[in-house]
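[1] Pasting the sequence and the predicted coordinates here, then a few questions.
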Amino acid sequence: MSVTVLGIDGGGTKTHAAIMDSAGRLLGSGLGGPSNYNNVGVDVVRASIAAAVRAAHDAAGIVGAPLDAAFLGMAGVVSPADRAAIHAIAADLRLAAPERVGVDHDCRIALAGGLSGRPGIVQIAGTGSSCFGMNASGESWRSGGWGHVMADEGSSYWFGVEALRAAVRAYDGRGPQTELLDRVRERLRLAEMNDIMRRVYVEGMAPAEIAALAPDVIAAARRLDPVACQLVQQGAREIADCVVAVAQRLGMEGGPCELALVGGLFQADDAVIPPLRERLAESLPGCRVQMADLPPVLGACLLALQSLGLALPALERLHALRGPARIGEERRDDG
């Protein structure tokens, strides 16, 4: 019997939907708007999920019928109240029978995709950062992911804030000179340095705008700017600390474990990943570090299949789906 499931990856800037069958074939995928309901509210989340699902249905040639199961991994979902709100949206949209809809945070689907369903740890480092793991017994733990005010060390936002701090310290003469001073001036289009006060405090810079400074830090580190190099080393230490905390909590520190890396920051692997590997080699020597096998939205599909008691598709079929050519040119439906 043919089984089709829906996976949803709901983030702060976009919502990604994918439909997969029990053989691991990607039937269709689509995009919608933002769906972190702590940021945009329930109505926007509902509209974004509906748009992404509609586009995925159209791509798959499926007309509106509920699928056999669905799993939604959503940014900002951490409490029972959060899960209940997303379950209510899923029921309203008739994504699948209510008892066959799973909801969890986005780290859960990132792990499922990152290791193709295997137990282990995933480290996400994009605008924000978070680490999540699950062991073979099904026990799970998260470290980091407390948002940009309380945590998010090692994220693009963190690098952006540190770039701003390094720039003003260099300008004052309190800190070492660094090319980050010029990069911040250029990025913020400052006529003169004192304009930074208005840009940051009066006009306000969103977390995503601050995070946009991270590539400048990475580029400066590649050019061996001492301040930028120190920041990259510090960021790698912060990330490693989160990974070690999860491994220790789940009893993985004494043996081999797998770590999948997810997020835009890790695309600059020649800058960030080597110091991360070095730090983990010291404190978690049994850890094997790799880039994610699959994107989080396909991890959500795998969790939906597992919820039906089905065996996961063959790894070679799943790995054929990785990469932007297969899961990055989706139709977007904002209508």
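    Perfect, I can see it now.
[2] Ala151: what secondary structure?
    coil (DSSP: H, G, I helix; E, B strand; the rest coil).
[3] Pull the contacting residues for it.
    129, 144-145 (Cβ atoms under 8 Å, 6 or more residues apart in numbering). Quick note: C-beta positions are derived from backbone N, CA and C, even for glycine.
[4] ok, 7 Å please
    Neighbour list for Ala151: 144-145 [criterion: Cβ atoms under 7 Å, 6 or more residues apart in numbering].
[5] Ramachandran angles for it?
    phi -150, psi -130 (degrees, to the nearest 10).
[6] ok, it to Val184 distance?
    The span separating Ala151 from Val184 equals 23 Å under the rule Cβ to Cβ, to the nearest Å.
[7] same check, this time on Leu72
    Distance of Leu72 to Val184, computed by Cβ to Cβ: 38 Å.
[8] Neighbour count for those two, which is higher?
    Of the pair Leu72 and Val184, Leu72 is the one with more neighbours under other Cβ atoms under 10 Å, namely 29 against 25.
[9] nearest residue to the more buried one other than its sequence neighbours?
    Once flanking residues are discounted, Leu72 sits nearest to Ile8: 4.1 Å by Cβ to Cβ, 6 or more residues apart in numbering.
[10] these two touch, right, that neighbour and Ile49?
    Yes: counting by Cβ atoms under 7 Å, Ile8 does reach Ile49; the two are 6.3 Å apart.
[11] what is in contact with those two at once?
    Thr15.
[12] neighbour count winner among those two?
    Per other Cβ under 10 Å, whichever of Ile8 and Ile49 has more neighbours is Ile8, with 32 against 25.
[13] Can you classify that one as helix, strand or coil?
    Of the three states, Ile8 takes strand under three-state DSSP.
[14] Give me the distance between it and Leu67.
    11 Å.
[15] quick one: furthest residue from the center of the protein?
    Ranking residues of the chain by C-alpha distance from their mean position (Cα atoms, centre = their mean) puts Gly173 at the top, at 37.0 Å.
[16] Please report how far it lies from Ala228.
    Distance, Gly173 to Ala228, using Cβ to Cβ: 19 Å.
[17] One more: Leu213?
    In this view, Leu213 and Ala228 are 11 Å apart by Cβ to Cβ.
[18] ok, now Arg198?
    Arg198 is 26 Å from Ala228, by Cβ to Cβ.
[19] which one of these two has more residues nearby?
    Counting neighbours by other Cβ under 10 Å for Arg198 and for Ala228 shows that Ala228 has the greater number, 26 against 11.
[20] pretty sure that one is touching Ala219, no?
    No: the criterion here is Cβ under 7 Å, and Ala228 misses it with Ala219 at 8.0 Å.
[21] Can you tell me how far the residue nearest to Leu72 is from Val78?
    The gap separating Ile8 from Val78 is 17 Å, by Cβ to Cβ.
[22] before we move on, what about Ala151?
    13 Å.
[23] residues in contact with the spatially closest residue to Gly251 that is not a sequence neighbour?
    Nearest non-adjacent residue to Gly251, counting by Cβ to Cβ, 6+ apart: Asn135, 6.3 Å away. Residues near Asn135 by Cβ under 7 Å, 6+ apart: 119, 250-252.
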